[in-house]
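Asker: need coordinates for the following:
(2 chains)
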Number of protein chains: 2
Amino acid sequence: VAEIFGLRLPIISAPMGMVAGGRLAAAVSRAGGLGLIGAGYEGAAWIEREFRHADGTGVGIGFITWDLAASPDRLEAALACRPTAVMLSFGDPSSFVGRIRDSGARLILQVQTLEAAERAAALEPDLIVAQGTEAGGHGGARALLPFLPAVVDRVSPIPVAAAGGISDGRGIVASFALGAAAVLIGTRFYAAEESLAATAAKARIVAGSGDATIRTRIFDIVRRLPWPKAFTGRVLRNAFTERWHGKEDELENELDRENLRYADAVQTGNFGTAAVWAGEGIDLISAVAPAQEIVERLVHETERTMARLWL
Amino acid sequence: VAEIFGLRLPIISAPMGMVAGGRLAAAVSRAGGLGLIGAGYEGAAWIEREFRHADGTGVGIGFITWDLAASPDRLEAALACRPTAVMLSFGDPSSFVGRIRDSGARLILQVQTLEAAERAAALEPDLIVAQGTEAGGHGGARALLPFLPAVVDRVSPIPVAAAGGISDGRGIVASFALGAAAVLIGTRFYAAEESLAATAAKARIVAGSGDATIRTRIFDIVRRLPWPKAFTGRVLRNAFTERWHGKEDELENELDRENLRYADAVQTGNFGTAAVWAGEGIDLISAVAPAQEIVERLVHETERTMARLWL
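Answerer: The predicted model follows:
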């Protein structure tokens, strides 16, 4: 992976939608990894602005594939910004693959099942990301520790990056042991100073425990987002999950009211209602820090774990 | 762990209820690890028979704590067989701890949440098992890769074993990287020749994919077993899960009929209905083999993975 992407470090920051902006991605790239902007549901203007914030540093961008398919012009806007790589996840990427490759950007495809890994491999991407269910935000049901080596066995020699629940050097070395060529880290960079997440949300990540995260569809329902049912979002439990998780039908019936209440909670930063997307690795996150410092610590922890393993 | 338990290898076979009998446990212990008999819901006669099948080889035994509490005399039957260790999981172990320690057996407590890990640590066991959601059979919701290091951080200096989804040497080295002192392996030994699982069930494990496993309560409902709701069972999907998973209330209503049909399916080995308990690591299991050969292969794979990591 280092050779393919020209990286010093096999560390990629996840394209967390609307949270991973240009400043975060650029900081990770400057520290030796690969930073990815997360387009989320945003349009061309947002994408162009975030690439400007990357200020000429080589960064990539990630899209939610089913959402990109609904307004595919955003891919052209992104490619015009000359991304190092484009990552696609959550949907059928096949119609976008040719255009991305023609642009000169590297192609990264994220998968959540072995079946999807085989379909992705057939498209010959530069990198496949095996995302475990421990990941924050949207994802699938397979846990990384058994899923990752099974993906590696299926798609070899295409390199595989590990994603989901990796928050420190122990998770990085574990991923390498399982066959990963790189790691993709989300939540730890959510708590980076440069991330676009609200300060109060970052504070909840630092204070929270993986015991208190849950996969749920309710935040997609309340936002009227047509996520395929195979993908749920991992969040910190809050009053909203206590009220609605497991009562999805009831929430659908109350949607006119709840949609407005939810939008208001997001607006005012009320995280008793609004989602704080978080992976299970938050037990290992103890402070908000600049992205460069996070990368340096990850490298240090990785070296220390390797040394301990070899004792 | 090697010192505490007098083992050559930090490999423990999981006490899979009614599947891990004395012959399997003894084969694992003779190969250098620690074999555990799985009492499941069985009584004193079954336990005594399985210890006889271990034929004097030092083995331990594992109980389902809430079920043991319902007929605690089984602990005395087990202790009379002089087990090396007693493992308790799924419930409050505190009332059994003193008796186990007095017997001279080592005490192993398995946990599925950080909160439970802290409660277990207060009982000062010889080993805590951090069980990830990828495990076959009953378990919780935390994925091993982020859960294990968080448990290690909380309970240190008590040694921690990793459980869930570990089927080959890559998983073993990953567990060590995450801070484990040992690994507890279930499903790969389910497919051992010596396991008491049905031949047809072992064949399904070998043929199956982790994509096709699911955590569900329906097999506990249909068997009228009062499992606490925090614990679900991971099985291979089959016609029964397609019919009933997500329709638990409906199943409760049909219980008089379905309970009999289910018992019949178990009797006749109809695994379209009967549960095949399986962890997510089954992608990495390609054959039924004698337990000693499985242990030898695990050691070989572990060494190969360590060598690759250090390249």
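
Asker: so for stretch A:76-94, what gets flagged as buried?
Answerer: Using 16 or more other C-beta atoms under 10 Å in any protein chain shown as the test for burial, stretch A:76-94 gives A:77-79, A:81, A:83-91, A:93. For glycine as for every other residue, the C-beta is placed from the backbone atoms N, C-alpha and C.

Asker: of those residues, just say which sits nearest to B:D153.
Answerer: A:S89 (30.4 Å; C-beta to C-beta).

Asker: need phi/psi at the closest one.
Answerer: phi -150, psi 150 (degrees, to the nearest 10).

Asker: how close does it get to chain B?
Answerer: Plainly put, A:S89 is 17 Å away from chain B if you go by C-beta to the nearest C-beta, to the nearest Å.

Asker: for that residue, name its beta-bridge partners.
Answerer: A:I64 (DSSP bridges).

Asker: give the contact list for it.
Answerer: When contacts are counted by C-beta atoms under 8 Å, 6 or more residues apart in numbering or on different chains, A:S89 touches A:G62, A:F63, A:I64, A:T65, A:L109, A:Q110, A:V111, A:V129, A:Q131, A:H138.

Asker: including neighbour count, could the residues you listed go into CSV?
Answerer: What follows is the contacts of A:S89, written out as CSV (neighbours: other C-beta atoms under 10 Å in any protein chain shown):
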residue, neighbour count
A:G62, 30
A:F63, 29
A:I64, 22
A:T65, 20
A:L109, 27
A:Q110, 28
A:V111, 28
A:V129, 29
A:Q131, 31
A:H138, 23
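
Asker: got the buried residues for stretch A:97-114?
Answerer: Across stretch A:97-114, burial judged by 16+ other C-beta under 10 Å covers A:97, A:100-101, A:103, A:105-114.

Asker: farthest pair in those residues?
Answerer: A:S103 and A:L114 (29.2 Å).

Asker: out of the contacts of A:S89, which are inside strands?
Answerer: Of the contacts of A:S89, the ones assigned to strands by DSSP state E are A:G62, A:F63, A:I64, A:L109, A:Q110, A:V111, A:V129, A:Q131, A:H138.

Asker: save those residues as JSON lines, and put in pLDDT too.
Answerer: Putting these into JSON lines (pLDDT from 0 to 100) gives the following:
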{"residue": "A:G62", "pLDDT": "98"}
{"residue": "A:F63", "pLDDT": "98"}
{"residue": "A:I64", "pLDDT": "98"}
{"residue": "A:L109", "pLDDT": "98"}
{"residue": "A:Q110", "pLDDT": "98"}
{"residue": "A:V111", "pLDDT": "98"}
{"residue": "A:V129", "pLDDT": "98"}
{"residue": "A:Q131", "pLDDT": "98"}
{"residue": "A:H138", "pLDDT": "98"}
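
Asker: okay, those in JSON lines with distance to B:A265 next?
Answerer: Below are these laid out as JSON lines (distance: C-beta to C-beta, whole Å):
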{"residue": "A:G62", "distance to B:A265": "46"}
{"residue": "A:F63", "distance to B:A265": "46"}
{"residue": "A:I64", "distance to B:A265": "42"}
{"residue": "A:L109", "distance to B:A265": "41"}
{"residue": "A:Q110", "distance to B:A265": "39"}
{"residue": "A:V111", "distance to B:A265": "34"}
{"residue": "A:V129", "distance to B:A265": "40"}
{"residue": "A:Q131", "distance to B:A265": "36"}
{"residue": "A:H138", "distance to B:A265": "37"}
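
Asker: and the residue of the stretch 201-311 of chain A closest to chain B?
Answerer: A:D283 (3.6 Å; C-beta to the nearest C-beta).

Asker: what about that residue, neighbour count?
Answerer: A:D283: 24 surrounding residues under other C-beta atoms under 10 Å in any protein chain shown.
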